[in-house]
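1. Need coordinates for the following:
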Amino acid sequence: MAKMAACVVESGEDAFRKIFKFYKRRNPPPDFSDVIDFSRSAQSDQVIPAILDPSGVSDEETARVGLQPVRDWRAFGLQGYPGFMFISNPFLLGSKPFWVRQCLKTYPQKPNVCNLDMHMSPSETQDIWDKSVHGLSCPPSRTQSKTLLDRLRWVTLGYHYDWETKTYSASHYTPFPADLHSLSFQITSACGFPGFNAEAGILNYYRSDSSLGIHVDESELDHSRPLLSFSFGKSAIFLLGGTRRQDPPTAMYMHSGDVMVMSGQSRLLYHAVPRIVAAPQGHPALEVSGCGPASSLHDSVVEPLSEQDWAVCSRYTHNSRVNVTVRQVLGPGQSFPETPSSHQRTDADQTDGDSAKSRKRRSCDCVDTVET
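-> The predicted model follows:
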């Protein structure tokens, strides 16, 4: 990344914005040679091994949520980014399709909130999957109208993020999914954060031309707990910067199944997703078959997919990416203030200054507003 920063950034400039625009560029296409790929042998002096706690989670607990034993995880950190951890696809073979189905079929259901609710009635957005499955099961056609699932850009879980006030509140809450809570709990426990309480989630649905603007995740009231990011489907370029926009970011690939944990000093760093890319050879969006059980445990969270569900999930992730971020909003004994703090910033600060009207429009219709 040092070579790239030297080429496109001059001293004192908004280095992050420059490099964001470099990777977002379509013509001519950017050079990806400096992008770190954790799935391959370490090709950068910046990549260091990350320390996990295998004793914190049993093999049965990880298998129950579709994860490999912790001792088999490939976890990395980055020099200069204390608290940042990257786990390269710790999922068991056959379990990722279940989590994709949850993101496409289960989590968008009411009472959870999505971008389509901003301009459609609750009855119209009640069964997004059922109203989309026929269109997604058929071969794509230029004349075919977009399904609701194609138009889905974000979903919020638990404490629902308010895009206007840029806050969470006790009055806008629905039960957080138990399965996603369990998955998050096992990963954070293995990373040295026992007792993590998943209270809010933001799901982003990326098409091939989507991007996510430069932002810092700081709307949660407690920053001492880590932020988790799960990636499924197409790969993405992820940029992790510093505490200032002048700090040049490091570029890395996020492939299907990869998990990022941002804690400590890295919890409040600028980051962005400038580009969605095709997964390199050997990194399919999903496994060859997703209909078999991923775990033989009788109480497994992960269930096998039906043939129809598998076909829809496979087709969707061939052209799209789903990202899930999970956050603990409140610290132990903490509660929401009676009046939300007006200075709390969104996890969706954009690359360029925008009008309020433009920000509101994007919060309804585009992926460029949410995620880690």
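
2. got the contact list for the residue most central in space within the chain?
-> The chain has residue 323 as the residue nearest its centroid, 2.9 Å off, counting by Cα atoms, centre = their mean. Residue 323 sits next to 203, 204, 206, 229, 230, 231, 232, 236, 254, 273, 371, 372 when contact means Cβ atoms under 8 Å, 6 or more residues apart in numbering. Heads up, the C-betas are built off the backbone N, CA and C, glycines and all.

3. same deal with residue 255?
-> With Cβ under 8 Å, 6+ apart, residue 255 has these contacts: 39, 88, 89, 231, 235, 279, 283.

4. does the fourth one sit in a helix, a strand or a coil?
-> Read that as residue 231. Three-state call for residue 231 (DSSP: H, G, I helix; E, B strand; the rest coil): strand.

5. need the strands for the stretch 51-200 of the chain, in chain order.
-> Applying DSSP state E, counting those that start in this stretch to the stretch 51-200 of the chain gives strands spanning 75-78, 84-87, 113-114, 154-158, 200-206.

6. Name the residues that touch the fourth one?
-> Looking back up the chat, that one is strand 154-158. 103, 107-108, 112-115, 173-177, 180, 198-205, 329, 367, 369-370.

7. Hey, what's the angle from the helix or strand harbouring residue 238 to strand 200-206? Just curious.
-> Element membership for residue 238 (DSSP states H and E) is strand 235-240. For strand 235-240 against strand 200-206, the angle by axes from the mean of the first three to the mean of the last three Cα atoms, to 10 degrees is 130 degrees.

8. Spit out the contact partners of the closest residue to residue 152 other than its chain neighbours.
-> In space, residue 152 comes closest to residue 205 once its chain neighbours are excluded; the distance is 4.9 Å by Cβ to Cβ, 6 or more residues apart in numbering. Counting by Cβ under 8 Å, 6+ apart, residue 205 touches 152, 153, 154, 155, 320, 321, 322, 367.

9. now do residue 66
-> Neighbours of residue 66 in contact, by Cβ under 8 Å, 6+ apart: 91-92, 94-96, 98-99, 183, 294-295, 300-302.

10. so which of those residues is the most crowded?
-> residue 183 (28 neighbours; other Cβ atoms under 10 Å).

11. so what's the residue nearest to residue 257 when sequence neighbours are not counted up against?
-> Among residues not flanking residue 257 along the chain, residue 89 sits closest, at 3.4 Å (Cβ to Cβ, 6+ apart). Taking Cβ under 8 Å, 6+ apart as the criterion, residue 89 is in contact with 39, 74, 255, 256, 257, 258, 259.

12. Generate a PyMOL selection restricted to the buried entries among these.
-> Listed next is the PyMOL selection for buried residues among these, using 16 or more other Cβ atoms under 10 Å:
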select buried, resi 39+255+256+257+258+259
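
13. among the contacts of residue 89, which two are most distant?
-> 74 and 256 (14.7 Å; Cβ to Cβ).

14. quick one: residue 201 and residue 220, what's the gap?
-> 12 Å (Cβ to Cβ, to the nearest Å).

15. What of residue 62?
-> Residue 62 is 26 Å from residue 220, where distance means Cβ to Cβ.

16. And those two? Which one has more around it.
-> residue 62 (26 against 23).

17. Show me what the residue nearest to the centre of the chain bridges to in the sheet.
-> residue 204, residue 231 (DSSP bridges).

18. what about residue 325, which SS state?
-> strand.

19. That one and residue 25, how far apart?
-> 26 Å.

20. Check residue 262 too.
-> Taking Cβ to Cβ, one finds residue 262 at 26 Å from residue 25.

21. From residue 229, how far out is the residue nearest to the centre of the chain?
-> Distance from residue 323 to residue 229, by Cβ to Cβ: 6 Å.

22. for residue 330, same thing?
-> The separation that residue 330 has from residue 229, given Cβ to Cβ, amounts to 20 Å.

23. ditto for residue 308
-> 29 Å.

24. Who has more neighbours out of those two?
-> When neighbours are counted by other Cβ under 10 Å, residue 308 and residue 229 differ, and residue 229 comes out ahead with 22 against 12.

25. Find the nearest non-adjacent residue to residue 110, please.
-> Per Cβ to Cβ, 6+ apart, closest to residue 110 is residue 126, 5.7 Å.

26. does that neighbour really touch residue 108, like I thought?
-> No - applying Cβ atoms under 8 Å as the test, residue 126 and residue 108 come out as separate, 9.9 Å apart.

27. ok so, going back, go through the strands of the stretch 51-200 of the chain and name the closest to residue 250.
-> Here strand 75-78 is closest among the strands of the stretch 51-200 of the chain (Cβ to Cβ), at 6.4 Å.

28. what packs against the closest one?
-> Here strand 75-78 touches strand 47-49, strand 84-87, going by 3 or more Cβ pairs under 8 Å, 6 or more residues apart in numbering; DSSP states H and E.

29. Swap in 10 Å and give it another go.
-> strand 47-49, strand 84-87, strand 250-254, strand 259-262 (3 or more Cβ pairs under 10 Å, 6 or more residues apart in numbering; DSSP states H and E).

30. So which of those is nearest residue 119?
-> strand 250-254 (30.2 Å).

31. hang on, isn't residue 272 packed against residue 210?
-> No - using Cβ atoms under 10 Å, residue 272 is not in contact with residue 210; the gap is 12.0 Å.

32. Many thanks, I have nothing further to ask.
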